[in-house]
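Provided below are the primary sequence and the corresponding predicted coordinates.
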Amino acid sequence: MIINNKIRINSDLGEGTGVEKDIMPFLSSCSIACGGHTGDKSSMTDTILIAKKYGVNIGAHPSYPDKENFGRKNISISHTDLSNSLMSQIDDLERIARSLETSLNHIKLHGALYNFSANDLETASIIIELMRFKYSDKILYVPYGSLISELAIENNIKIYYEVFLDRNYNNDLSLVSRENNNSMILDYQKMLKRLENVINDNKIQTIGGDYKKISADTFCVHGDSPKIISLIKDLFNNRNKINLNN
């Protein structure tokens, strides 16, 4: 979904929820699970084909190699093993994409790795090194104001700042833990308000009610959100209610 070239909606897909055919028409890009937390050749192939049908950009969604915890917990892993695992995941998806006559547009880390690498220097440096030497033609989706975003800019890696429409934020712009009952936003009207605030005023309301500076190039609605299909349809059907300043 792209509105006035300002609102790009993305989603994390190929994660076994089976929503791809329903929500793909409303997306501008999708990040496809490629074996770390879930995903296999069949799911990657199916998701790419659906994305191609609707002209949606595809990206890799690599994770800690941790299917047991769905990539949502930090694990102990050497730098070499993490780097090799990420390359293996991304390359597996890229090979399938090429066989289907398409290519990867971006890379977006999943779960605990996304959150931890945002501000951990050693982990962020692993990601930046991979981007520099192997995936320099891809866009890296990163949180606004994060260490990894700063390192990417310093190393001339193209980034998209990503803001989550269906997740609540803490005051430090970290995501409220999924272990908390208030981690998710399941009201499309609140999502529309977030879009307005971020686009018009570069601000986001945190779980504590404060407003913090932020910027976004793409907005995520998770493919495993309990109400993903209705939420994304409601966002699309009510997109004209978003009051943009210019």
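That came in fine, so what should we check first?

got the contact list for the closest residue to R194 other than its chain neighbours?
Nearest-residue entry for R194: L165, 5.8 Å, with adjacent residues in sequence omitted and distances by Cβ to Cβ, 6 or more residues apart in numbering. Where you see a C-beta, it was placed from the backbone N, CA and C, and this is true even at glycine. The contact partners of L165, taken as Cβ atoms under 8 Å, 6 or more residues apart in numbering, are I9, I185, M191, R194, L195, F219, C220, V221, L235.

What count of nearby residues applies to the residue nearest to the last one when sequence neighbours are not counted?
What that stands for is L235. Spatial nearest neighbour of L235, excluding adjacent residues (Cβ to Cβ, 6+ apart): Y188 at 5.4 Å. By other Cβ atoms under 10 Å, the residues close to Y188 number 21.

is it true that Y188 touches K241?
No: Y188 is beyond contact range of K241, at 10.1 Å (criterion: Cβ atoms under 8 Å).

Just the element for L86, please.
Using DSSP states H and E, L86 sits in helix 79-99.

Show me what whatever helix or strand comes next after that helix is packed against.
Counting by DSSP H and E, the next helix or strand C-terminal to helix 79-99 is strand 106-107. Here strand 106-107 touches strand 57-61, strand 139-143, going by 3 or more Cβ pairs under 8 Å, 6 or more residues apart in numbering; DSSP states H and E.

just these: most buried one?
strand 57-61 (a mean of 27; mean count of other Cβ atoms under 10 Å).

hmm, who's touching that one?
Strand 57-61 is contacted from outside by 12-14, 28-34, 39, 47-48, 51, 89-90, 93-94, 97, 102, 104-110, 138-139, 141, using Cβ under 8 Å, 6+ apart.

This protein: helices as residue ranges?
For the chain, the helices defined by DSSP state H occupy 20-23, 41-54, 79-99, 111-117, 121-133, 147-154, 188-201, 228-237.

Nearest to S177, out of these?
Ranking the helices of the chain by distance to S177, with Cβ to Cβ as the measure, places helix 111-117 first at 9.4 Å.

can you tell me the average pLDDT over that closest one?
Mean pLDDT, helix 111-117: 97.

From what I see, K233 and V19 are in contact.
No: at 11.3 Å, K233 and V19 do not qualify as touching, with contact defined as Cβ under 8 Å.

wait, Y161 sits on C220?
No: Y161 lies out of contact with C220 (Cβ under 8 Å); the separation is 11.1 Å.

before we move on, the earlier item: output the helices and strands packed on strand 106-107 as a markdown table; include the columns mean pLDDT and distance to T123.
A markdown table is the format used below for these (pLDDT from 0 to 100; distance: least, Cβ to Cβ, whole Å):
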| stretch | mean pLDDT | distance to T123 |
| --- | --- | --- |
| strand 57-61 | 98 | 17 |
| strand 139-143 | 98 | 13 |
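
need the ones you listed in TSV with distance to T80, can you?
Converted to TSV, the helices and strands packed on strand 106-107 look like this (distance: least, Cβ to Cβ, whole Å):
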stretch	distance to T80
strand 57-61	20
strand 139-143	21
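
Show the pLDDT at M184.
For M184, pLDDT reads 95.

beta partners for it?
Assessed by DSSP bridges, M184 has beta-bridge partners R167.

hmm, back to that, of Y161 and C220, who's got more company?
Using other Cβ under 10 Å, the more surrounded residue of Y161 and C220 is C220, with 23 against 18.

show me the residues around the more buried one that make contact.
Residues in contact with C220, defined by Cβ under 8 Å, 6+ apart, are I9, N10, S11, D12, E162, V163, F164, L165, D166.

For D172, see how far away the residue nearest to K203 when sequence neighbours are not counted is.
Leaving out its chain neighbours, the residue that sits closest to K203 by Cβ to Cβ, 6+ apart is Y211, at 4.5 Å. In this view, Y211 and D172 are 14 Å apart by Cβ to Cβ, to the nearest Å.
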